[in-house]
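[1] I'd like to go over a predicted model; first the sequence, then the structure.
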Amino acid sequence: MELRVLRYFLAVIESGSVTRAAAEVHIAQPSLSRQLRGLEASLGVTLFDRTGNRMELTAAGRRFLPLARDLVTRADTALAAASSLASGRAMRLTVAAPATTITDVIAPFLATWGPEDPLVTVQAENPVRAYQALTRGADVAISSAPPRHRYAGLAVARLPLWAYVPPSHPWAGRDRITIQELTGEPLIVLTLAHGTRRILDQAVQDAGSSLDIVLECDTPQVAQAMTASGHGIAVVSDDPRFGLHPLLIIDRHGEPLQIRLHAAWDAGHYALRTIESFATGLARFCVEQYGPQAAGS
């Protein structure tokens, strides 16, 4: 089983047909079909249901697909690492995280690095799908959810949820409000895909209250913009924008609402030490940036 043939297999899946896949990988269609049949023969299973002009995965093909993707991803990662080592360049890391985490946490952290540190690329991911990026080539993923058991991980930070109000709001002279006070106000919140929203909902439920939601946003920046334009109070975890005033939100037990950030990676990653150094450095940065209360554990 050759990596080249696995790439052909994935090309067929991604393009939807042998004809388009053959054009994308620059090989004749009959040759590509032979390669796929050879792959099936070497595996001892039928990967495709060839009905008419359509190519659909069989049950075995669907089980094999994530394995093929993982093998190709690992091979590409190893080749990139070998190229970096051979050229003397710093190793590259790909970090997947929600957009707000990239803007407020990861980018400021990377700005403290020097030229001797690894090169880092980041990719924005939906918060509920951040860890899935590890199967698509990301080296480390950041999410508010604890990592699955198959991954190694580190609790990076605990960051507060903020209620943002304009400077003209009666609460602008305070530094905190209770969850009970907040439930009586028109709120601009994030969608349920965001950990911030789920934490808020749980705190409201624990308090036996309900929310007056005037708008749900998919991005916290827009939530703050709507607050700045006078539409309500934004509840998010990102840093202040548009001159808004932040208020800690205190739950019914007297504790501030917080969202946890976790880093996850493959425990068998070839660049394990580099990834662990990145994660621990990010955790230290969060403490330096936000204070000892931001410590992940």
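    Nice, thanks for sending it over. Numbering: from 1, shown residues only.

[2] And the helix or strand hosting residue 197, what's buried?
    Secondary structure from DSSP states H and E places residue 197 in helix 195-206. Of the residues in helix 195-206, 195, 196, 197, 198, 199, 200, 203, 204 count as buried by neighbour count, 16 or more other CB atoms under 10 Å. Every C-beta, even on glycine, is put in place using the N, C-alpha and C of the backbone.

[3] can I assume the first one is in contact with residue 259?
    Yes - because the distance of 5.3 Å satisfies CB atoms under 8 Å, residue 195 is recorded as touching residue 259.

[4] any common contacting residues for the two?
    Shared contacts of residue 195 and residue 259 (CB atoms under 8 Å, 6 or more residues apart in numbering): residue 144.

[5] mind checking the longest helix of this protein?
    Using DSSP state H to define each element, the chain has its longest helix at helix 59-87.

[6] for it, packing partners?
    helix 3-15 (3 or more CB pairs under 8 Å, 6 or more residues apart in numbering; DSSP states H and E).

[7] Pull the distance from the helix it packs on to the chain's centre.
    On the basis of CA atoms, centre = their mean, to the nearest Å, helix 3-15 sits 26 Å off its chain's mean C-alpha point.

[8] got the angle between the helix or strand following that helix and helix 3-15?
    Using DSSP H and E, the helix or strand that directly follows helix 3-15 along the chain is helix 18-25. Here helix 18-25 points in a direction 120 degrees away from that of helix 3-15 (axes from the mean of the first three to the mean of the last three CA atoms, to 10 degrees).

[9] what sits up against the helix or strand following helix 18-25?
    The helix or strand immediately downstream of helix 18-25 is helix 29-43, counting by DSSP H and E. Helix 29-43 is contacted by residues 1, 5-6, 8-9, 12, 18-19, 21-22, 25, 27, 46-48, 64 when judged by CB under 8 Å, 6+ apart.

[10] ok, the buried residues of helix 195-206 vs residue 290, which is closest?
    Distance to residue 290 across the buried residues of helix 195-206 (CB to CB) is lowest for residue 196, with 15.5 Å.

[11] Quick check: closest non-adjacent residue to the closest one.
    In this structure, residue 196 finds its nearest non-sequential neighbour in residue 237, 4.9 Å apart by CB to CB, 6 or more residues apart in numbering.

[12] surely that neighbour meets residue 224?
    No - if you go by CB under 8 Å, residue 237 and residue 224 don't touch, sitting 11.3 Å apart.

[13] And the helix holding residue 197, what does it pack against?
    strand 186-190, strand 233-236, strand 258-265.

[14] could you dump the helix or strand just after the second one to PDB, C-alpha only?
    Downstream of strand 233-236, the first helix or strand assigned by DSSP H and E is strand 245-250. As requested, the backbone C-alpha atoms of strand 245-250 are provided in PDB (Å, rounded to 0.1, in the frame of the first residue of the first chain):
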ATOM      1  CA  HIS A 245     -16.900  48.700  29.900                       C
ATOM      2  CA  PRO A 246     -16.400  45.100  31.200                       C
ATOM      3  CA  LEU A 247     -18.200  43.600  34.200                       C
ATOM      4  CA  LEU A 248     -17.400  40.300  35.900                       C
ATOM      5  CA  ILE A 249     -20.500  38.100  36.100                       C
ATOM      6  CA  ILE A 250     -20.900  36.500  39.600                       C
END
